[in-house]
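Colleague: Here's a sequence, model it:
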Amino acid sequence: MRLRPLLALLLSLAPLVAAAAEVTVLPGPEALARAIATARPGDVLTLEQGRYAGPVTLNKPLTLTGRGAEIAGRGAGTVITVTAPDVTLRGLTVTGAGRRLDHLDSGIALEKGARRAVVEDSRLIGNLIGVDVQGAQDVTVRNNTIVGRDDLRVPERGPGIYVWNAPGLLVEGNRISKGRDGVFVTTSNQATYRRNVMTNLRYAFHSMYSNRLVIEDNISRGNTMGFALMYSRRLKVTGNLSDGDSAHGFFMNFANHAVIAHNEVRHGGEKCLFVYNSNVNRIIANRFEGCGIGVHFTAGSERNAISGNAFIGNRLQVKYVGTRWLEWSENGTGNYWSDHVAFDIDGDGRADSPYRPNTAIDRVVWSQPMAKLLMGSPAVQLIRWSQQRFPGLLPGGVIDSAPLVSPAGAGLPHKQGETQ
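Modeller: Sure, this is the predicted structure:
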């Protein structure tokens, strides 16, 4: 007798299971809109090669997969809008969004109801915003090629991926170029951004008011700025590469309680790392190479642990505009400085003399650039010599009491990022 209720339940679910179907869609006027309207929840719509008209809205759980299919908007608004949960978009080419940032015109827009949406293996070409995640939870954006617009002024362009209030988001393996920012995140916590490659942008990655993010193994190449971390807390930023970014590799502004470890800046521009009013961070085992300034440290940043890093071939290793003494070593481990000439007589891997990157003359030059004309004068050279011999004359600054004699262990794992 007990089997009857179970049998009745299974029989009642049978029509729901049978409802899902695989449907082949052929190109034609309004073909995609009609297919979506007549589909049942759970259906898989396979779009054959050709061009399909947008805009369309997915208001039921569906899978759209393409075999060379292009969904083209009319040059206004958003091309594909998702309002239902459990929607998958795979293997599509999406183009033809509008150009109004105030309307967030996008190739694909995932609205609040689009929980667990998946956008993968697709091409979003020439849209103002590639993928807009607006309030949807547990979304995946994976292995897409996103090429934005460069026919507009930079303030008029949109990001490749725009994120607002989307906890549980995973963004991985995407290639993003042109547009304004590669990934722009605002007021959105608990997400992972990894293995993305971002080129020809203003900022590769830009977070604002977003906490508990994991940002790992990404590549920023040839952008104005690599990784901008602003007004955010408890970020884990590891294994990222900034290669040839012209202004800053890593930029921290009111970023607190973060771990910045095993990242690398190569062929840097103005500054490898800029730290502005950022506190209680661990900046560990990074490699900063070939910049105008290795690290610019300012605006009252306090209680930061800075050790195990390698500063190599920067024109100025440290610019610190403050009068407090800052110790940049931790538990007997400092940093490697390529311009520090010192012995390691006991062979413990630490130099036998501390490293002090700045002098009072540096501060004069920063505040009065014309003073550079006097750098070769005997008076200036005498002041530099005196401060080297009598450190007590220095008015505060950075000191590394245990500088390393080798850069080994700093930066990315061997060869990571070389082939991407």
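Colleague: tell me which element Asp151 is part of?
Modeller: Taking DSSP states H and E as the definition, one finds Asp151 inside no helix or strand.
Colleague: Likewise for Ala37?
Modeller: Going by DSSP H and E, Ala37 is in helix 31-38.
Colleague: who touches the helix or strand following that helix?
Modeller: Later in the chain than helix 31-38, the nearest helix or strand by DSSP H and E is strand 44-47. With contact meaning CB atoms under 8 Å, 6 or more residues apart in numbering, strand 44-47 is reached by 20-25, 32, 35-36, 39, 62-67, 69, 71, 92. Backbone N, C-alpha and C define where each C-beta goes, glycine included.
Colleague: So which of these belong to strands?
Modeller: Taking DSSP state E, the ones among the contacts of strand 44-47 that sit in strands are 22-25, 63-66, 69, 71.
Colleague: can you pick the most crowded of those residues?
Modeller: For those, the largest number of neighbours (other CB atoms under 10 Å) sits with Leu64, at 28 neighbours.
Colleague: Quickly list the domain ranges of this protein.
Modeller: 43-184, 202-355+400-420, 360-393 (automatic domain parsing).
Colleague: Columns distance to Arg195 and mean pLDDT on top of the ones you listed, output as a markdown table?
Modeller: Formatted as a markdown table, those follow (distance: least, CB to CB, whole Å; pLDDT from 0 to 100):
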| stretch | distance to Arg195 | mean pLDDT |
| --- | --- | --- |
| domain 43-184 | 5 | 97 |
| domain 202-355+400-420 | 5 | 92 |
| domain 360-393 | 39 | 53 |
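Colleague: what residues does stretch 290-304 touch?
Modeller: Residues outside stretch 290-304 that contact it (CB under 8 Å, 6+ apart) are 249, 265-283, 288, 311-322, 326, 398.
Colleague: Reformat the domains of the chain into a markdown table and put distance to Ala191 next to each item.
Modeller: Listed next are the domains of the chain as a markdown table, based on distance: least, CB to CB, whole Å:
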| stretch | distance to Ala191 |
| --- | --- |
| domain 43-184 | 4 |
| domain 202-355+400-420 | 6 |
| domain 360-393 | 38 |
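Colleague: Distance check, the residue positioned nearest the centre of the chain against Met252.
Modeller: In the chain, the centroid-proximal residue (CA atoms, centre = their mean) is Phe205; its distance is 2.9 Å. In this view, Phe205 and Met252 are 12 Å apart by CB to CB, to the nearest Å.
Colleague: Kindly report the same for Asn144.
Modeller: Taken as CB to CB, the span from Asn144 to Met252 is 28 Å.
Colleague: Then Ser232?
Modeller: Applying CB to CB, the value for Ser232 to Met252 is 9 Å.
Colleague: any common contacting residues for these two?
Modeller: Listed contacts common to Ser232 and Met252 are Ala258; contacts here mean CB under 8 Å, 6+ apart.
Colleague: between those two, which one's more packed in?
Modeller: Met252 (28 against 25).
Colleague: ok, now which ones touch that one?
Modeller: 229-230, 258, 260, 273-276, 278, 281.
Colleague: So which of the residues you listed are in strands?
Modeller: Reading strands off these with DSSP E, I get 229-230, 260, 273-276.
Colleague: now, which of these sits nearest Tyr193?
Modeller: Minimum distance to Tyr193 across these is 11.6 Å, recorded for Leu229 (CB to CB).
Colleague: beta partners of the closest one?
Modeller: Beta bridges link Leu229 to Ser207, Met252, judged by DSSP bridges.
Colleague: shouldn't Met113 be in contact with Val139?
Modeller: Let me fix one detail, which is that residue 113 is Gly and not Met. No: checked against CB atoms under 8 Å, the pair Gly113 and Val139 is beyond contact range at 11.6 Å.
Colleague: For these two, indicate the residue with more neighbours.
Modeller: Val139 (26 against 15).
Colleague: so what's the more buried one up against?
Modeller: 110, 114-119, 133, 166, 168-170.
Colleague: Show me just the buried residues among these.
Modeller: 110, 114-115, 117-119, 133, 166, 168-170 (16 or more other CB atoms under 10 Å).
Colleague: Roughly how far does the nearest residue to Asp344 once chain neighbours are set aside sit from Leu273?
Modeller: Distance criterion CB to CB, 6 or more residues apart in numbering; nearest residue to Asp344, sequence neighbours excluded, is Val405 at 4.8 Å. Between Val405 and Leu273 the distance is 22 Å, computed by CB to CB.
Colleague: So which of these two has more stuff around it?
Modeller: The neighbour comparison of Val405 against Leu273 (other CB under 10 Å) goes to Leu273, with 29 against 17.
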